[in-house]
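[1] got a predicted model here, sequence first, then my questions.
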Amino acid sequence: MRISVIVCTYNRSALLEGSIRSIIGQDFPGGGFELVVVDNNSTDGTRAVVEGLASSSPVGIKYVFEGRQGLSNARNTGVRNAEGDVVVFTDDDIEADAGWLREYDAAFNDPEVYCAGGPLRPVWPGERPEWLTDQFLPFLAVSEFPEARRNRNEFTGEDDHPWGANMAFRRTVFEELGGFPEELGRKGSLLLSNEEILLCRMLRRQGRRIVLVPGAVVHHKISKSRLNKRWFRRRFYWQGRSDAVLGRALASYPYGQLRISARDLRLQKAAGVPEFVMKCHERYALGFLHELLVSDPGDDFRVLRAIRTFAGFTGRGSLLQAFSRRLAAPMRAFYSSLKGAQHGGK
């Protein structure tokens with residue numbers, strides 16, 4: 001079989017039906033692809049929706065249940081149940097253009113292509129809020145990937161890669177490099193991300209091509225529940241935690257990234273950046289710091305260095321106090337002693 005499409009879903013049966021219909025309605029031979037739907041421990045009518053559509057579908061549909069919560073768990077389970085030479089991933093809240101799979105099929109005719117991605121365009125539930133400027137669109141999984149377009153449809157930069165709602169890999173990638181890192185990716189209501197980045201970076205280090213397929217378009221239905229500032233502050237916080245986890249996985253130096261983030265906060269404040277933008281970036285830095293601390297709370301030297309880095313560059317004692325309340329009693333005592341040292345101690 002040429003292509004396996006994997007859709008991972010969690011308690012979104014109402015949206016899932018539309019996604020499945022757009023996939024099985026592809027302008028692509030029905031015998032040339034299959035659809036694998038991974039139910040990641042849903043408690044709604046997900047199974048009934050999938051089985052109902054499968055009974056009359058011209059395309060083979062597999063229903064697979066994965067009880068371990070987490071998007072990476074679900075994707076890895078999907079790969080194990082897929083038969084295609086090319087594995088295409090998308091979400092349960094999309095509509096794919098009719099030529100979506102045909103475009104991917106053509107891209108993978110080039111034997112040097114090991115990973116590909118396509119544009120993600122928004123479907124708004126109503127009027128787009130005025131405060132929701134273009135800089136926030138990536139956090140809603142919306143992009144035309146301008147950097148890749150400037151590079152002749154090649155993802156070449158370290159931070160330039162396809163996104164999970166519209167990406168494809170050769171099956172051999174998983175056989176050679178393993179699956180998605182299970183410490184990353186959405187876990188229920190936790191907004192962890194970055195699960196595809198590690199695979200893309202390993203491919204890039206091997207000199208494998210990662211390309212943009214401009215015609216492989218997916219339309220992402222934006223949930224109304226995300227169009228508020230509180231959700232975005234939370235999303236930035238979890239992006240900070242995700243980036244810290246990724247830094248550890250890549251054996252990089254995360255404290256340097258924390259220092260850059262804290263420095264940027266101070267520069268933004270001096271430049272008069274709008275308050276909402278500042279708050280989002282503060283939450284990012286706070287999430288990054290939080291992950292560094294909870295990942296190794298017994299290492300006092302690292303804890304001290306992380307806190308000094310953050311507090312020294314931001315000068316935001318109120319944020320540090322708020323953060324300390326999130327931690328266990330021993331860590332709160334440590335922060336209290338540090339605060340005392342800053343206000344009259346050493």
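    Everything's here; your move.
[2] quick one: distance of stretch 30-39 to the chain centre.
    On the basis of Cα atoms, centre = their mean, to the nearest Å, stretch 30-39 sits 23 Å off its chain's mean C-alpha point.
[3] how about stretch 114-121?
    Stretch 114-121 sits 14 Å away from the centroid of its parent chain (Cα atoms, centre = their mean).
[4] give me the mean pLDDT for the strand or helix carrying residue 87.
    Here residue 87 sits within strand 86-90, counting by DSSP states H and E. For strand 86-90, mean pLDDT rounds to 97.
[5] what's opposite residue 187 in the beta bridge?
    residue 190 (DSSP bridges).
[6] count the neighbours of it for me.
    Residues near residue 187, counting by other Cβ atoms under 10 Å, number 18. In short, each C-beta sits where N, CA and C put it, glycine included.
[7] give me every residue that touches it.
    69-71 (Cβ atoms under 8 Å, 6 or more residues apart in numbering).
[8] which neighbours does the strand holding residue 87 have in its sheet, and in what orientation?
    Counting by DSSP bridges, strand 86-90 is paired with strand 3-9 (parallel), strand 166-170 (antiparallel).
[9] I'd say residue 219 and residue 94 touch.
    Yes: here residue 219 reaches residue 94: they are 6.2 Å apart, a contact under Cβ atoms under 8 Å.
[10] neighbour-wise, which of the two wins?
    Neighbour count, other Cβ under 10 Å: between residue 219 and residue 94, residue 94 has more, with 23 against 18.
[11] show me the contacts for that one.
    By Cβ under 8 Å, 6+ apart, the neighbours of residue 94 are 19, 22, 165-166, 218-221.
[12] name the residues of stretch 276-294 that come out as buried.
    Buried residues in stretch 276-294, defined by neighbour count with 16 or more other Cβ atoms under 10 Å: 277, 280-293.
[13] repeat for stretch 196-216
    For stretch 196-216, by 16+ other Cβ under 10 Å, it's 196-201, 203-204, 208-213, 216.
[14] what's the answer for stretch 119-132, then?
    Neighbour-count burial for stretch 119-132 flags 119-121, 132 (criterion: 16+ other Cβ under 10 Å).
[15] among those residues, which one sits closest to residue 37?
    Of all those, residue 120 has the smallest distance to residue 37: 20.0 Å, by Cβ to Cβ.
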